[in-house]
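Q: My questions are about this predicted structure, shown below with the sequence.
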Amino acid sequence: MRISVYGIPTLFACLALAAACAPREEVTRFQFLAFGTLVDIDVYGADRELAARAAADIETCFQALHRDWHPWGDGALGTINRAFARGETAPIDADLAGLLGEAASLSRASGGLFDPTLGRLVDLWGFSDDEQSPVAPPDAARIRALLDEGLGMQHLRIADGRIASSNPDIALDLGGFAKGVAVDRAVERLRALGVRNAIVNAGGDLRVIGRHGDRPWRIGIRHPRGKGVIAELEVHDGESVFTSGDYERYFDYQGRRYHHILDPRTGEPATGAISVTVLHRNAARADAAVTALFVAGSKAWRNVAAALGMTHVMLIGADGHIEMSPEMHERLRLVQPALDDRPRIAGDFA
Ligand code: AMP
Ligand code: MG
């Protein structure tokens, strides 16, 4: 589907700064829904037919990945999760096996804070239901029971095209990672087709190719509480910007917010941040990293960022203060305060 950039309401997190300033004939926007979010592909200055073909290819690829990697659907991941629950092994193809290998190494580097084996917890909290939002937290005893055996990628074994789990309570959930992988694949596809200037933006998580004419692409980062964007930055060829926030999926219960990013140590929504943004060259790593850094929160994010090789990080703490690495501070321009407007720059950032 091709839509003129001027013909649609601006999607919030995104980065519509680039679009808003773009002359109509220079940027063509393609949009579709995938991974439960609106995906925009903005292409600058390319042959429209070529761009349309690339966008259609990417849409087909995203829909296939969404089907294959849905934790409870009919695809490969759903089949694996149902087999684990029965104590059985399941077939796994080389692509998914490679992806789980990458996820396992990111999980290890994050000290287990990024943990794609917590699918049953996500389901227990009601966040795996695409149609309905949960209304109350689950019973604490049920959370404890799921954590009993210990979750984690170390329980998985892949051999001879099959995957097994030593813990039947494990279910794979790639919700914190899949979008990044998909965005990297989209960028590869665009490049392979000869598109030299584009943004692939999946609900505010994005990666860019080339430039917006005579200047870099410019994007905004959504304010986690207020309206509009909290910061802007210029993003260069090959860079991606990913954000995890407690506003993406949540419910309020008895005056407290319960959101979709769970701390694998407690089985509860993480409480140390309200939003984390990273800039990094690899979207898949960036995606896993923001989830892990969100769980790490304001006390521990520096060490986790160093372990994951993330140099450009902004974290908005639970009390609204903004913390950043010096590298991120150099790149980013705050346009409005969070709750406390004095950003703290992490001087000792590795
Ligand atoms: P993101 O928005 O990228 O932070 O991803 C959040 C999604 O990842 C959730 O909706 C869950 O499906 C899954 N998830 C939640 N907590 C974690 C975690 N600690 N590690 C890995 N995936 C998680
Ligand atoms: Mg993520």
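A: Done, it's in. Ligands and ions are numbered 1, 2, ... in the order given.
Q: wait, isn't Asn278 in contact with Asp287?
A: Actually, residue 278 is Val. It isn't Asn. No. With contacts defined as C-beta atoms under 8 Å, Val278 does not count as touching Asp287, sitting 9.0 Å away. Where you see a C-beta, it was placed from the backbone N, CA and C, and this is true even at glycine.
Q: Compare those two and say which is more crowded by neighbours.
A: Set side by side, Val278 and Asp287 give different neighbour counts by other C-beta atoms under 10 Å, the larger being at Asp287 (31 against 25).
Q: Now do the more buried one, the pLDDT please.
A: At Asp287 the predicted local distance difference test score is 98.
Q: separation between Gly210 and ligand 1?
A: For Gly210, the distance to ligand 1 (C-beta to the nearest ligand atom, to the nearest Å) stands at 26 Å.
Q: Skip the chain neighbours and tell me the closest residue to that residue.
A: Distances taken as C-beta to C-beta, 6 or more residues apart in numbering put Asn197 closest to Gly210, at 3.5 Å, once the chain neighbours are dropped.
Q: Repeat that for Arg142.
A: Of all residues apart from its sequence neighbours, Leu124 sits closest to Arg142 (C-beta to C-beta, 6+ apart), at 6.0 Å.
Q: Kindly provide the distance from that neighbour to Ala83.
A: For Leu124, the distance to Ala83 (C-beta to C-beta, to the nearest Å) stands at 19 Å.
Q: Next: Gly309.
A: In this structure, Gly309 lies at 34 Å from Ala83, with C-beta to C-beta as the measure.
Q: cool, Phe114 as well?
A: 23 Å.
Q: I'd like the average pLDDT over the helix or strand containing Val208.
A: Element membership of Val208, judged by DSSP states H and E, is strand 205-209. The average pLDDT for strand 205-209 rounds to 98.
Q: what's the offset of the helix or strand just after that strand from the middle of its chain?
A: Scanning the chain past strand 205-209 towards its C-terminal end, the next helix or strand to appear is strand 217-222 (assignment: DSSP H and E). Taking C-alpha atoms, centre = their mean, to the nearest Å, the mean C-alpha location of strand 217-222 is offset from the chain mean by 16 Å.
Q: what is the rounded mean pLDDT of strand 217-222?
A: Strand 217-222 carries an average pLDDT of 96.
Q: the bottom helix or strand of the chain by mean pLDDT?
A: The weakest-scoring helix or strand in the chain, judged by mean pLDDT, DSSP states H and E, is strand 2-3 (a mean of 32).
Q: from the stretch 1-150 of the chain, which residue is nearest to ligand 2?
A: Nearest to ligand 2, among the residues of the stretch 1-150 of the chain, is Phe114, at 7.6 Å (C-beta to the ion).
Q: confidence score at that residue?
A: In the prediction, the pLDDT value recorded for Phe114 is 98.
Q: so which helix or strand takes in the residue nearest to it when sequence neighbours are not counted?
A: Using C-beta to C-beta, 6+ apart and skipping the chain neighbours, the partner closest in space to Phe114 is Ala292 (3.8 Å). With elements taken from DSSP H and E, the one containing Ala292 is helix 283-308.
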